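K.L.:
generate a structure from the sequence data that follows.
(2 chains)
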Amino acid sequence: MFSKVFYAPNVDANPYKLIQRVDSVNKVDPQILNTISHELRTPIAIISSNIQLLKDSGSQADLCFRNECLELCAESVESLKSFFDSIQLITMAAKNQIHPSFSVFRVKQITHNLFVVLAKQNLNFKRITLDWDLMIPKITSDLYFLQLIIISICSNAIKFSRGEINLTIQTNQNHLVLCIQDRGIGIPEDEFDLIFSPFYRARNISRIPGAGLGLAVVSALTNSMEGEIFLSSKMGLGTSIIIRFNL
Amino acid sequence: MNLNLQSKILVIEDDCRLSKTIKNLLMHYGYDICCAENGAIGIQKAFEYNPDLILCDIHMNPVDGYQVYHVLKESSILDHVPFIFITGNSDLQDIRFGMDLGADDYFVKPFDNERLIRAVEKRLTKYRKLKEVGRSEFNALFNLSPDGIFLFDGQVIFDANHAFIDFLKINKEILTSYSLEDFIEADSYKIIKENISMCSNGLLNSFSDTVCMVSKEGKEIEVSLYVSVYEKYSGYALMIGLVTLNSSKNAKNDVFISDFLKVLKRENVKVSDRLGEKLAEVFTKYNIKIDRNINTFFSQREYEVLCLSMEGQPIKTIADKLYISDRTVEKHRANLMEKTNSNNMIEVIIYALRNNLVKM
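P.N.:
Now for the predicted structure:
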């Protein structure tokens, strides 16, 4: 019988082209990849484990048990969704694609859903004391953005401190001022600017779980509304953040 | 005594949804589960709940998984309890680090349910064999004892020895259909009822009283009843009861009881809730102030070693921090244990906290 002989094509000739070493992966900070992977693994573990459990228990599982499994899956999907929402928001902000939509509302509506959302994230909102100092009760701004900002800042304050947290909301003729003060672990001064970039996590919180997206979202939203962020922090004593918007 | 006790697993995981999921999974396979939401609480629960196996996350605050491992290793707990890490880190170096520490196994999220269960089962089988050896002495006492011994959960009697069965003239086959109340005269039972419920809720470790027991034939006999918690589960406790005839009470009998209690008392460091909280507090503050004025009970070096140990630091890290050798650290630890009459570093820490030798 004939045996066929294949010749290896000549790589030096056209149409072959040497692919340059792919180093785009190396350009991504491995720490960021680690954070993302860590952040996604837990909800995926919950979903995968519950699905296996539902499959194995089959039809014998009682309704209450099945509902709990499904509820856990749904909550994890929700947390994955909010993770990607944050990423989308930050990417859009980087391309100047987010724009506030202004409406007139009562200032007190800003904290309308705050405690419910915090409770859903298993954060102890009872440590927050809320103070109002309103010269004008109604303002024109983006209510949804303001709510997102407050939720994000408050959940950080709860996560990185133990004692009381003061949230003050003030208005005067020219400004809306949000001020959050905690007595937590503080932010290293040389990292003040860095902590607002996506996925960046200050070096003193590596032990506390999180994705490092909260403050990036805050700064994206604040910038889109032309607000300003002021930060003051002492290591081990606490942090206070003031966000000011023109009215 | 041949009783298939439910195995107890402590799950230390800070994501409450994942810990609920793991709890459901393990309960589905018939285990008793206790959950802790961070490392500090995990350490406290390890002493309180006395688990057969520990599943532990790594990224947690206060006190991460590695520190939990180090602290428990210091105590006698990890001599016999398997320890499995579950983590979101797939970093190979991280995995190796965990295994180098001496953990029994390592799972990366998301994990396969079946593989996790298999690993748990494998470790538990090994652990059970070790436990059986320790029980042989107990079994001998149980079978040969002239006094009645029985195991119950506050009501239902699960097992009893020959002496107890002969004494009350009952049929061993249908033992579990009896409750302790059936054999004790109503007024007597009222007196001990409160104590039994306190034991099963974990508020009391043991009690003794004189009660009037009634045999199956209706014969009333006055006896001394000694009840002690045998094994705590989440939600209930198994208790062991010892019945001796009051008439035969003599010195020899007392010796037997004290022997029996010694066997019952397995090495167990008791940490009360308040002390546990204080311990948790210690772990969260990374700077522990040493107040030399309080006491000169420990030398300065011993103080330093103690404080670093309280932070859950391994011997090697302590040695590096204090610029001394591993062996010197071990020597200081030995001194600390000797001075406080403790078996392990946890007891030293508890001693120091109790006597305010360390200031926070």
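
K.L.:
make it CA atoms for all contacts and neighbour counts henceforth
P.N.:
Will do.

K.L.:
how does chain B divide into domains?
P.N.:
Split into domains by automatic domain parsing, chain B comes to B:8-135, B:145-249, B:285-354.

K.L.:
nearest to chain A, of these?
P.N.:
Set against chain A and scored by Cα to the nearest Cα, the domains of chain B come closest in domain B:8-135, at 3.8 Å.

K.L.:
quick one: average pLDDT of that closest one?
P.N.:
Average pLDDT, domain B:8-135: 84.

K.L.:
that one and chain A, any residue contact?
P.N.:
Yes: Domain B:8-135 is in contact with chain A by Cα under 8 Å from any Cα of the partner chain, via B:15, B:17-18, B:21, B:25, B:59-61, B:64, B:88-89, B:109-113.

K.L.:
spatially nearest residue to the residue in chain A that chain B sits nearest to (excluding sequence neighbours)?
P.N.:
Going by Cα to the nearest Cα, chain B is nearest to A:Ala45 of chain A, at 3.8 Å. Using Cα to Cα, 6 or more residues apart in numbering or on different chains and skipping residues adjacent in sequence, the residue nearest A:Ala45 is B:Pro110, 3.8 Å away.

K.L.:
how many residues are close by the one you found?
P.N.:
19 (other Cα atoms under 10 Å in any protein chain shown).

K.L.:
how far away is B:Glu114 from B:Tyr29?
P.N.:
Separation of B:Glu114 from B:Tyr29 (Cα to Cα, to the nearest Å) stands at 10 Å.

K.L.:
check B:Asn343 too.
P.N.:
Separation of B:Asn343 from B:Tyr29 (Cα to Cα) stands at 36 Å.

K.L.:
and these two? Which one has more around it.
P.N.:
Neighbours per residue (other Cα under 10 Å) separate B:Asn343 from B:Tyr29, with B:Asn343 holding more: 16 against 10.

K.L.:
I'd guessed that one sits against B:Ala334; true?
P.N.:
No: B:Asn343 lies out of contact with B:Ala334 (Cα atoms under 8 Å); the separation is 9.4 Å.

K.L.:
quick one: the strands in the stretch 201-350 of chain B?
P.N.:
In the stretch 201-350 of chain B, the segments counted as strands under DSSP state E, counting those that start in this stretch are B:206-214, B:220-232, B:237-245.

K.L.:
same thing with the stretch 1-150 of chain B?
P.N.:
B:8-12, B:32-36, B:53-56, B:83-87, B:105-108, B:148-152.

K.L.:
as CSV, those with mean neighbour count would be great.
P.N.:
Listed next are those as CSV, based on neighbours: other Cα atoms under 10 Å in any protein chain shown:
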stretch, mean neighbour count
strand B:8-12, 26
strand B:32-36, 21
strand B:53-56, 24
strand B:83-87, 23
strand B:105-108, 19
strand B:148-152, 23
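
K.L.:
mind putting those strands into a markdown table with distance to A:Ala74?
P.N.:
Shown next, in a markdown table, are the strands of the stretch 1-150 of chain B (distance: least, Cα to Cα, whole Å):
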| stretch | distance to A:Ala74 |
| --- | --- |
| strand B:8-12 | 22 |
| strand B:32-36 | 22 |
| strand B:53-56 | 24 |
| strand B:83-87 | 22 |
| strand B:105-108 | 22 |
| strand B:148-152 | 41 |
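
K.L.:
ok, longest helix in chain A?
P.N.:
helix A:63-94 (DSSP state H).

K.L.:
counting by contacts, list what it packs against.
P.N.:
When contacts are defined as 3 or more Cα pairs under 8 Å, 6 or more residues apart in numbering or on different chains; DSSP states H and E, helix A:63-94 sits against helix A:30-57, helix A:214-224, helix B:16-28.

K.L.:
now, of the ones you listed, which is deepest in the fold?
P.N.:
Mean neighbour count (mean count of other Cα atoms under 10 Å in any protein chain shown) peaks for helix A:214-224 among the helices and strands packed on helix A:63-94, with a mean of 21.

K.L.:
identify the bridge partners of the closest residue in space to B:Ala46 that isn't next to it in sequence.
P.N.:
Spatial nearest neighbour of B:Ala46, chain neighbours left out: B:Leu10 (7.1 Å); criterion: Cα to Cα, 6+ apart. Beta-bridge pairing of B:Leu10 under DSSP bridges involves B:Cys34, B:Ile54.

K.L.:
what's the answer for A:Ser103, then?
P.N.:
Residues in a beta bridge with A:Ser103, per DSSP bridges, are A:Ser141.

K.L.:
what's near enough to touch it?
P.N.:
Residues in contact with A:Ser103 (Cα atoms under 8 Å, 6 or more residues apart in numbering or on different chains) are A:Thr140, A:Ser141, A:Asp142, A:Leu143.

K.L.:
buried ones from those, can you make that a ChimeraX selection?
P.N.:
Command for ChimeraX that selects the buried part of the contacts of A:Ser103, burial taken from 16 or more other Cα atoms under 10 Å in any protein chain shown:
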select /A:141,142,143
